[in-house]
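>>> Structure of the sequence below:
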Amino acid sequence: MTNFLMVNDTHTHPGYVKLQRISISPVYTPVPVYLEEYNDGFSTIDSLNRTVLSNTLPHTLGTVYGPAYRKHNYLSGLSVDIVYALRCSQWPQEGYEWFLRRRLNGWPTPIQIENAREYGCFVTPVGHSHSPECLLEWRLSFSIAERDITRSFEDTTMKVYILLKMVKKTYIEPVVGDAFSSYHCKVCMFWMRERTPHELWRNENLLQCLVLCIRQLYEWATTGFCPDYFIVTNNIYDRKIIGSVRNNIVQILRNLLASNCTFLLGIKCCKLEQYITDEISRFDYCIIAIKTEEIVNHMLSLSAASNCRSSILQYIPQHYSTLVDYLHRIMHVSKSWSYNMQYPFKHAMMILTSQLGFHVATICKENADVLLQEQVDYLVALASGCLSFGINSDTTSVRLKLCGLGMELGNHYLIQTSLQHISDYRMRYIFSSAMHHSHYSKYRIERLFRNRYNTEELLQTQTSYSVVYLPSEISITPKPLRMEMFRSLGVPSELREESSDIWFDWAEIDSLMCLYFFQYLNFSRQRKVKHKHAALDNMIHVVSTEPDILHRDTSLNILGYSFTQENQLTSAYRCFIESFKIRPYYNAAKFHLGILFNRIHATGRGHRHYGNRRNDISSDLYCTRWQ
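Next up, the predicted model:
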């Protein structure tokens, strides 16, 4: 493990540090300059001849924005900002003033201050823009402490914070762009909440508190110095808010203060679907803003959890013993984190544990002929225990994989219990991990308005991940989905980016589509024709009307496979062609089309049309929607 010591010198601005490589045994020892083992492209020598870590990120990761790099997600159409951060083992010395600061109004509370000390801080890869060694500096980040303090905001404090951000977006942002950010508003809220009496922050004083905050921002802009809340010597204005930008902000804030609060009439409430517009007559203006903010926070929670799951799946080892080692490492690391960080670790544990259960089930199935009965019983018990712990990582994905496992093992009880449990949910109220705010429909927004979910409840009762089968699980993957694991076959390797396209080797399908497909397979085996046709109709409806299903190309392939089973070859062909339009290269539709053409050739029915009702419906459907 590589260790670093936070150091600074005369060139280092407050709030920034350098990371010097050290050896921790038997004492902290700086790494000699001449050691070639650290020639990794990220280490360099600073002005004092120290081996330090550069903050330069590889440009292949995406477009760099400050401490983050932005990468476009082609599946959801969204861009994701990812920040690399290193956790510091202790609070930086220049930030100890925050613990010793005299607070006459009792905010934040002593418990919150101690929690912040326990949380610690991070360093992120961005240097001060005016530093001669900006590529060697790392910025201190107190994001966890900030989040904990922000969550303690009372109702009125949160309303003022939201209104302040609206003022920024309506009046300041159009003039100076992103030079003045929401972070400046947050710092202002921290300082004003600490310096003013608790009794002031009541609903009847809402406008007075807002004006106080705007006046404080005006004073900071006039002097050109805005002290960071945790490190007061760090001026967070001196990077962007200078020159004409600062003059424009001073003028805007002066006009706002002189308007006697009439500027509020020029703020348009954030719209999130037509539902919010319909509700304005029933809710106070500020309540609407806060509810909107809550929904955005929910979406960010879903996005973070989904990214966490994707990252975990990318690095899951092929052998189950190594996976057990992964679980032990997470358990060990999680003990050193605070209470508020326990659920993210628990969520990662649930994902890994469920994956371990399926790995064990795979071993049991592949070696059933050579294992002793006692070994089989042990493996079954181990798999059951793992899956029981991980089954609530979300609403449906683990249960759907259990259903698929039951199909491969011929376990009708497992199939029925899994499908029945999922069917008990009203699936239209479940959030897909791929959805974003512009496509949240009215009933989904209404559900968030009327219920206050924490992240754990949101994931376990309201969210569904896609269903993923890894290559090591091919023996327990339903046969129609196995072709998806070979989508890269015959495609030049230079078209593939290994770091982001690892999922090409998986079989991944949207959970709602997977549910109806498994229902179709189950009813087909049971020869329940009416129920089978209903499941097929549901699959058609999902592909035709749901704008945010994950891996639409896979869903089309599965729908085409189902049409092939129904002998509706024309509709099957249309599905595969539409799938190719979405993903021309890495697509398992080529295998389905080969099977389809072989079947047409073998039966000699390539140009015949089938006049049954379902073929007519599906033909009209695809002709009108996708041409």
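
>>> So which other helices or strands are in contact with the helix or strand Phe597 falls within?
Assigned by DSSP states H and E, Phe597 falls within helix 589-603. Applying 3 or more Cβ pairs under 8 Å, 6 or more residues apart in numbering; DSSP states H and E, one finds that helix 589-603 makes contact with helix 552-565, helix 569-582. C-betas here are computed from N, CA, C, even on glycine.

>>> And the helices in the stretch 1-150 of the chain, which stretches?
97-100, 110-119, 143-151 (DSSP state H, counting those that start in this stretch).

>>> could I get those helices as JSON lines with distance to Ile351, mean neighbour count and mean pLDDT?
Shown next, in JSON lines, are the helices of the stretch 1-150 of the chain (distance: least, Cβ to Cβ, whole Å; neighbours: other Cβ atoms under 10 Å; pLDDT from 0 to 100):
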{"stretch": "helix 97-100", "distance to Ile351": "36", "mean neighbour count": "12", "mean pLDDT": "92"}
{"stretch": "helix 110-119", "distance to Ile351": "24", "mean neighbour count": "16", "mean pLDDT": "88"}
{"stretch": "helix 143-151", "distance to Ile351": "22", "mean neighbour count": "17", "mean pLDDT": "88"}
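
>>> ok, now which ones touch the nearest residue to Val160 once chain neighbours are set aside?
Distances taken as Cβ to Cβ, 6 or more residues apart in numbering place Cys209 nearest to Val160, at 4.8 Å, with adjacent residues excluded. Contacts were defined as Cβ atoms under 8 Å, 6 or more residues apart in numbering; by that measure Cys209 touches 156-157, 160, 192, 196, 200-201.

>>> Measure how the helix holding Phe597 sits relative to helix 569-582, angle-wise.
Between the axis of helix 589-603 and that of helix 569-582 there is an angle of 160 degrees, by axes from the mean of the first three to the mean of the last three Cα atoms, to 10 degrees.

>>> Export only the CA atoms of helix 589-603, formatted as PDB.
Provided in PDB are the C-alpha atoms of helix 589-603 (Å, rounded to 0.1, in the frame of the first residue of the first chain):
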ATOM      1  CA  ALA A 589     -28.800  -9.800 -32.800                       C
ATOM      2  CA  LYS A 590     -26.400 -11.200 -35.400                       C
ATOM      3  CA  PHE A 591     -26.800 -14.700 -33.700                       C
ATOM      4  CA  HIS A 592     -30.500 -14.400 -33.500                       C
ATOM      5  CA  LEU A 593     -30.700 -13.300 -37.200                       C
ATOM      6  CA  GLY A 594     -28.600 -16.300 -38.200                       C
ATOM      7  CA  ILE A 595     -30.900 -18.700 -36.300                       C
ATOM      8  CA  LEU A 596     -33.900 -16.900 -37.900                       C
ATOM      9  CA  PHE A 597     -32.600 -17.200 -41.400                       C
ATOM     10  CA  ASN A 598     -31.700 -20.800 -40.900                       C
ATOM     11  CA  ARG A 599     -35.200 -21.500 -39.700                       C
ATOM     12  CA  ILE A 600     -36.800 -19.700 -42.600                       C
ATOM     13  CA  HIS A 601     -34.600 -21.600 -45.100                       C
ATOM     14  CA  ALA A 602     -35.300 -24.900 -43.400                       C
ATOM     15  CA  THR A 603     -39.100 -24.400 -43.400                       C
END
